[in-house]
Every structure is written in C-alpha cells, then in structure tokens.
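# I'd like to go over a predicted model; first the sequence, then the structure.
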Amino acid sequence: MTYSTTGYLILALTLAFLTLTPTEAQLRGPGQSRSKIPNTGLHALLLGTGIPIPNPERAKAATLIIAGGKTFMVDTGPGSTARLTENGYQTVDYVLYTHFHLDHTADLDWMMFRRGGANPDQPQIVLGPKGTKDVVNKIVASVAIDEKYRIDHHGEHWSEQAMQCEVREFEPGVIFDEDGLKITMFNVDHEPIVPAVGYRFDYEGKSVVVSGDTKKSDSLIDAAQGCDLLIHEAMNVTILNRTLPMLIRNRPRTGAMVEDLMSHHTPTLEVAEVAKAVNAKKLVLTHLVPSIKPLEAQENNFVRGMAEIYSGPIVVGRDNMLFTVE
C-alpha cells in the first residue's frame, strides 16, 4: 500500500484530526471481564500504545503486567484508566513509572479517583526511580480539593486512602521480590530526560521486559537477555523522513521539534537489532511513532525490514492486546 506525501504528513504529525475506524474492543462492546485474565501465570496487557499526538484509538503509554493475580501498571498515560475499565479492572496493586513525561503520568489522578468506589484500606503503592515522590506528591496535592468534596459528600462510603499514594523510590536493581515475582529496574537512554528506566518482570521461569521510552540502550540489552516477551517502543524513521523536508520548509519550528523527537527514540530496525541481541522469544511494539491506525496494511508498512534482522514473532501493539507468556 502506498501513501501520498499528504497522507504521510497526517500519519506522522497528525496536523489534522485523524479519521479513525472503530477498534475491535469498541466493536465488541464493553471490555473483557477480569475472569478472562487468569490469576495464575504471567501476562501483559497493552493499555496504551500511543504518543502525545492525539489518536482516539490509542491511549497514551501504559502496560499492565499480571503475575500470579497481582497487577502492576507500568505508566499511567492519558486514557489508560478507560482501558482498565474495558478489561474489567477498577484498581491495580502497584503503579510503576519509567519517567515523568506527561503522556506517561497524566492519568494517575483518575486512577486515584477510581479507587474511591473500590473503598481501599491502604494508599496506592507507587514504585519508581528517584524523583517519583516529587511528581506523585504534586499530583496528589492537585486532587486534594476533590478528595475533600468526596469525603464531605459520601462520608464513610469514600475511603480516606483512595486518593493517597505510598511512593517507594529505588536505584536501578531489584526493586520487588515477593511471591515468586522479581522486578528489576534498569536505566535506559532517553536523554535529556533523566531518570528514565525500564523494567524486567521474572515469574515462574518466564519474563517480560518493558522498555519505557529510550534510544537503543546497552543497559536494556544487558537487562533483557533471554526474555520471553520484549515490549519495546518503536519509531519508523522512513515514514517520518518522507514528510520532514516539506515540514521544515513550511513549518520550520514544527520540523525542528520532529527532528528533536527522532533523536531520542528507537528506530524500528534498531528495535529489531535489540530483540536479536537479547534473543527475545517475541517482540511487541508500543509507543508507536508515528501513531498509525490499527490496520494491517499500515502495521505491515511500519515493521518493514525488521524481519530481515530479527527472526522471531513481531507484533505491532494495539490497545487491549493481551499476551500470555508461555
């Protein structure tokens, strides 16, 4: 399938709103119930595969890891709480942050609001690198007036713990080791954003690695060795480069910003190199730049050339995709 220059411009930069087709989840109605995700084994659910540029079919960055029934939400990008609802979840056990760009954090307030109806007896546990406390505490402070309104209105029916967070900051290394699950935090290269980290989840001999936002990273390659499932951000530079010269001519400021963006994400062919280097059993692409439609033709174009480098399965992520690690 070929695209005109204008088409690529729309895909790459969404300078106009996209006309998008319904997702599979929308076509089938309300999302799957929680019972469809077993309380045993290791699973990864894509809650948000998008980027800051608006795309109604892609929530912003978020991935849910389910290990032995416990839930770990990596990032809380805008729209991700709606994806939780579609998949039968009201709350999660833990929130983890890779870094503090708004498209990775902005739904934490709604996460806390949703906890009100669940009546929790403890605050939301949040794990992350240095700086997490400052970011989370400011979000908690921003919803304090709403929390007061809810408690005034609902009294004992609204938990005083619902809109509170317990934040635990870590240096890279093992940050969680309970009930057979080990979570390892590792640095990635998302300069000038520091800290920026990824996570490896090891459970019952299986493993999932979530890259976060990064350029090709030696520390990620070291941490992800032999993983069963690699969930990695991806940028198609061929698509972007087809629109960039015209953009620089006509909208130089925007063109310069796109060039900035391209300098701190991972091109698809380099993602394939990473998957090959770590000997990943399966590769899943998320945080897609540009934010393409969830259509097979566009996805095939997005991954062009990757299979010549990495011989394993490659999946272009869509919101609500569930992977069971076997």
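Happy to help now that I have it. Numbering: from 1, shown residues only.
# pretty sure D75 is touching H101, no?
No: using CB atoms under 8 Å, D75 is not in contact with H101, being 9.1 Å away. For the C-beta atoms, the positions are set from N, CA and C on the backbone; glycine is no exception.
# These two - which one has more neighbours?
Taking other CB atoms under 10 Å, D75 and H101 do not tie; D75 has more neighbours (30 against 20).
# Contact partners for the more buried one?
G48, A61, A62, T63, L96, Y97, T98, H104, T105, G212 (CB atoms under 8 Å, 6 or more residues apart in numbering).
# The first one contacts M321, correct?
No: taking CB under 8 Å as the contact criterion, G48 and M321 are not neighbours in contact, 11.1 Å apart.
# Those two: which is more packed in?
A direct count of neighbours by other CB under 10 Å for G48 and M321 places G48 higher, at 29 against 18.
# Let me know the secondary structure of the nearest residue to that one once chain neighbours are set aside.
Leaving aside its chain neighbours, G48 sits nearest to A59 (3.4 Å; criterion: CB to CB, 6 or more residues apart in numbering). The local conformation at A59, judged by DSSP: H, G, I helix; E, B strand; the rest coil, is coil.
# Please report how far E86 lies from L45.
Going from E86 to L45 by CB to CB, to the nearest Å gives 10 Å.
# So in the protein, which helix runs the longest?
When the chain is parsed with DSSP state H, its longest helix is helix 237-250.
# Which elements pack onto that one?
helix 5-13, helix 252-262 (3 or more CB pairs under 8 Å, 6 or more residues apart in numbering; DSSP states H and E).
# Report the next helix or strand after the last one in sequence order.
Along the chain past helix 252-262, the next helix or strand (assigned with DSSP states H and E) turns out to be helix 268-278.
# Let's test this: mean pLDDT of the helix or strand following that next one, rounded?
Scanning forward in sequence from helix 268-278 by DSSP H and E, the next helix or strand is strand 282-289. In this model, strand 282-289 has a mean pLDDT of 97.
# For strand 282-289, which strands pair with it and how are they oriented?
strand 229-235 (parallel), strand 314-316 (parallel) (DSSP bridges).
# ok and that strand relative to helix 237-250, angle-wise?
Here strand 282-289 runs at an angle of 10 degrees relative to helix 237-250 (axes from the mean of the first three to the mean of the last three CA atoms, to 10 degrees).
# Might one say that H99 is in contact with A196?
Yes: using CB under 8 Å, H99 is in contact with A196, at 4.2 Å.
# F201 in helix, strand or coil?
Following three-state DSSP, F201 is assigned to strand.
# Show me which positions of the strand or helix carrying D134 end up buried.
Element membership of D134 [criterion: DSSP H and E] is helix 132-142. Residues T132, V135, V136, I139, V140 are the ones in helix 132-142 that count as buried (16 or more other CB atoms under 10 Å).
# Give the next helix or strand downstream of the helix or strand harbouring V208.
Element membership of V208 [criterion: DSSP H and E] is strand 206-210. The element immediately downstream of strand 206-210 (helix or strand, assigned by DSSP H and E) is helix 218-223.
# tell me what that next one is packed against?
Applying 3+ CB pairs under 8 Å, 6+ apart, we find helix 218-223 packed against strand 181-187, strand 197-203, helix 268-278.
# Check those for me and report the most buried one.
strand 197-203 (a mean of 25; mean count of other CB atoms under 10 Å).
# Between strand 206-210 and it, find me the angle.
Comparing the axes of strand 197-203 and strand 206-210 via the same axes, to 10 degrees yields an angle of 170 degrees.
# Report the strands that pair with strand 197-203, each with its relative direction.
Partners of strand 197-203 in its sheet, by DSSP bridges: strand 181-187 (antiparallel), strand 206-210 (antiparallel).
# could you redo the ones you listed as CSV and give each row mean pLDDT and distance to A224?
Shown next, in CSV, are those (pLDDT from 0 to 100; distance: least, CB to CB, whole Å):
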stretch, mean pLDDT, distance to A224
strand 181-187, 98, 8
strand 206-210, 98, 4
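# closest to I53 out of the ones you listed?
Of all the strands paired with strand 197-203, strand 206-210 sits nearest to I53, with 21.3 Å by CB to CB.
# residues in contact with the closest one?
41-42, 44, 63, 65, 74, 98, 198-201, 220, 223-224, 226-232, 278, 280, 323, 325-326.
# Then stretch 306-317?
Stretch 306-317 has contacts (CB under 8 Å, 6+ apart) with 46, 49, 231, 268-269, 271-273, 275-276, 280-286, 288, 292, 299, 302-303, 321, 323.
# so how far is the first residue of it from its last?
Terminal residues of stretch 306-317 lie 15 Å apart, using CA to CA, to the nearest Å.
# If anything else comes up later, I'll come back, but that's it for now.
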